[in-house]
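A.B. asks: One predicted model, sequence on top.
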Amino acid sequence: MTSNNGLRFLVARKDLHRTRVTTDPDAPASRALADGEVRLAAERFALTANNITYAAFGEAMKYWEFFPAEDPAWGCVPVWGFATVVESAVPEVGVGRRVYGFLPMGTHLVVRPGRVSPYGFVDTAAHRKDLAAVYNQLTFCHADPGYVQAREAEQAILRPLFTTSFLIDDFFAEASYFGAQRLLLSSASSKTAYGTAYCLSLRRGSPGTPQMVGLTSAANHDFVQGLDCYDSVVRYEDIEGLPGNIPTAYIDFAGNASLRRSIHERFADRLTYSCSVGGTHWDELGAGAGLPGPRPALFFAPGQIKKRSAPPPDGWGGQELQRRIGVAWQGFLASVGDPSNPWLRVVEAQGAEAIEKAFSAQRDGRVDAREGLMLAW
């Protein structure tokens, strides 16, 4: 942990190559607590391609608004991780409580807990009122049924991504896969993509379940093949070899405009749905106008959560949704940690310089697909 001044990592909102470290606006030296507030000290957080997506879509999806920087030209990238309550003006949230949730890339966060329960609380800070509710929930680690102290890294690295994966699978299954007989998943080595493939693979043998094709680079081909959750794996340069007469849906985890155009031109009216999820190729993002076939639609996980959290018969209810995600998560975690074929190698690093280096590597696509970054100040 740093001094009372704390540190916060910022990124230029219009140029992700520009970064800087400043004092933390939520550190003890920067501001005193007001009544109803709690100060968290961040301990460990994950950095994945998903966080680069948060930055790439920061304006459109309001990710910059969760932890606003004083200078509006700069932004703080949200991350998932663990923090401890170090100061509290809320009796129900005692000092020493450890929480998991959406955090800034900084040493501290001041929150205003509301709807406090034995399981956690919601940050009701005024600036978060109109933001996606799922990101405002912080969970007490001791009350989280999915928490295992020895698997903290896997939880921070994979659990937020896997929740999105579960919801993508649910969205496509509910829509009968939009009539597709084949699903193409780009950036197939990314953790959200192979989490989605894992969920879809559990439906193999069910009527109407399409074939899953993972699209990846030559460098990651063997890794993706070894995951054994895709029906087949195709290198990007070999897409033209895929039969063009099969009804196909595209799940775009890469965000690469050139690749998207190639898919749309290859399958055209045989493309039944085109779904944009992430931006691992954030620097090659582009608009979807003027493409053959269906206009790409952005998948927004909080929207599917809201739908499924509605009480029956319209939804499953919040508790049932969490139960289903939890069951799927435990199965996925077992596959990820299979001693005979582990899917993830955790890499730990600490300090401002290490965090900047890790962000640059993740931004530039230089992180091995097998690695998961776990960082600390």
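C.D. replies: Cool, the structure landed.

A.B. asks: only C-alpha atoms for contact and neighbour calcs from this point on.
C.D. replies: Noted.

A.B. asks: For the residue nearest to residue 18 when sequence neighbours are not counted, report the pLDDT, please.
C.D. replies: Once flanking residues are discounted, residue 18 sits nearest to residue 12: 5.4 Å by CA to CA, 6 or more residues apart in numbering. Here, the pLDDT recorded for residue 12 equals 98.

A.B. asks: Make 38 the starting number, not 1.
C.D. replies: Will do, 38 is the new start, and the previous item becomes residue 49.

A.B. asks: contacting residues around residue 49?
C.D. replies: By CA atoms under 8 Å, 6 or more residues apart in numbering, the contact list for residue 49 reads 55, 56, 110, 111, 112.

A.B. asks: Among those, which ones are in strands?
C.D. replies: Of the contacts of residue 49, the ones assigned to strands by DSSP state E are 55, 56, 111, 112.

A.B. asks: where does the most far-flung residue of the chain relative to its centre land in three-state SS?
C.D. replies: Going by CA atoms, centre = their mean, the residue of the chain most distant from its centre is residue 282, 33.2 Å out. Assigned by DSSP: H, G, I helix; E, B strand; the rest coil, the conformation of residue 282 is coil.

A.B. asks: for it, what are its contacts?
C.D. replies: Counting by CA under 8 Å, 6+ apart, residue 282 makes contact with 304, 307.

A.B. asks: Show me the contact partners of the longest helix belonging to the chain.
C.D. replies: When the chain is scanned for its longest helix (criterion: DSSP state H), the result is helix 189-211. Residues outside helix 189-211 that contact it (CA under 8 Å, 6+ apart): 82-85, 87, 117-119, 184, 215, 228-230, 232-233, 236-237, 336, 338, 341-342, 362, 365-366, 370, 383, 409-411.

A.B. asks: Could you turn the buried ones of the ones in strands among the contacts of residue 49 into a ChimeraX selection?
C.D. replies: Selecting only the buried entries of these in ChimeraX, with 16 or more other CA atoms under 10 Å as the criterion:
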select :56,111,112
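
A.B. asks: What segments of the stretch 238-387 of the chain are helices?
C.D. replies: Taking DSSP state H, counting those that start in this stretch as the criterion, the stretch 238-387 of the chain contains helices spanning 258-264, 294-304, 338-346, 355-373.

A.B. asks: List the buried residues for the second one?
C.D. replies: For helix 294-304, burial by neighbour count (16+ other CA under 10 Å) applies to 294, 296, 297, 298, 299, 300, 301, 303, 304.

A.B. asks: Does the fourth one touch residue 330 like I think?
C.D. replies: So that's residue 298. No: checked against CA atoms under 8 Å, the pair residue 298 and residue 330 is beyond contact range at 10.1 Å.

A.B. asks: circling back: kindly provide the whole-number mean pLDDT of the longest helix of the chain.
C.D. replies: Averaging pLDDT along helix 189-211 gives 95.

A.B. asks: Contacts only, for residue 179.
C.D. replies: Applying CA under 8 Å, 6+ apart, the residues near residue 179 are residue 135.

A.B. asks: So it versus residue 129, what's the distance?
C.D. replies: Between residue 179 and residue 129 the distance, using CA to CA, to the nearest Å, works out to 15 Å.

A.B. asks: if we can go back for a sec, strand partners of the helix or strand just after the longest helix of the chain, parallel vs antiparallel please.
C.D. replies: The element immediately downstream of helix 189-211 (helix or strand, assigned by DSSP states H and E) is strand 219-222. Pairing partners of strand 219-222, with direction, according to DSSP bridges: strand 248-253 (parallel), strand 285-289 (parallel).

A.B. asks: Please identify the most buried of those.
C.D. replies: When you average the neighbours per residue for each of the strands paired with strand 219-222 (mean count of other CA atoms under 10 Å), strand 285-289 leads with a mean of 27.

A.B. asks: So which residues make contact with that strand?
C.D. replies: Judged by CA under 8 Å, 6+ apart, the contacts made with strand 285-289 from elsewhere in the structure are 214-215, 217-224, 297, 300, 304, 307-315.

A.B. asks: I'd like the mean pLDDT over that strand, please.
C.D. replies: Averaging pLDDT along strand 285-289 gives 97.

A.B. asks: relative orientation of it and helix 294-304 in degrees?
C.D. replies: What separates the directions of strand 285-289 and helix 294-304 is an angle of 180 degrees, with axes from the mean of the first three to the mean of the last three CA atoms, to 10 degrees.

A.B. asks: Just confirm residue 136 contacts residue 181, I think it does.
C.D. replies: No: under the contact definition of CA under 8 Å, residue 136 does not touch residue 181, with a separation of 9.4 Å.

A.B. asks: Name the residue in these two with the higher neighbour count.
C.D. replies: Between residue 136 and residue 181, counted using other CA atoms under 10 Å, the more crowded position is residue 136 (24 against 14).
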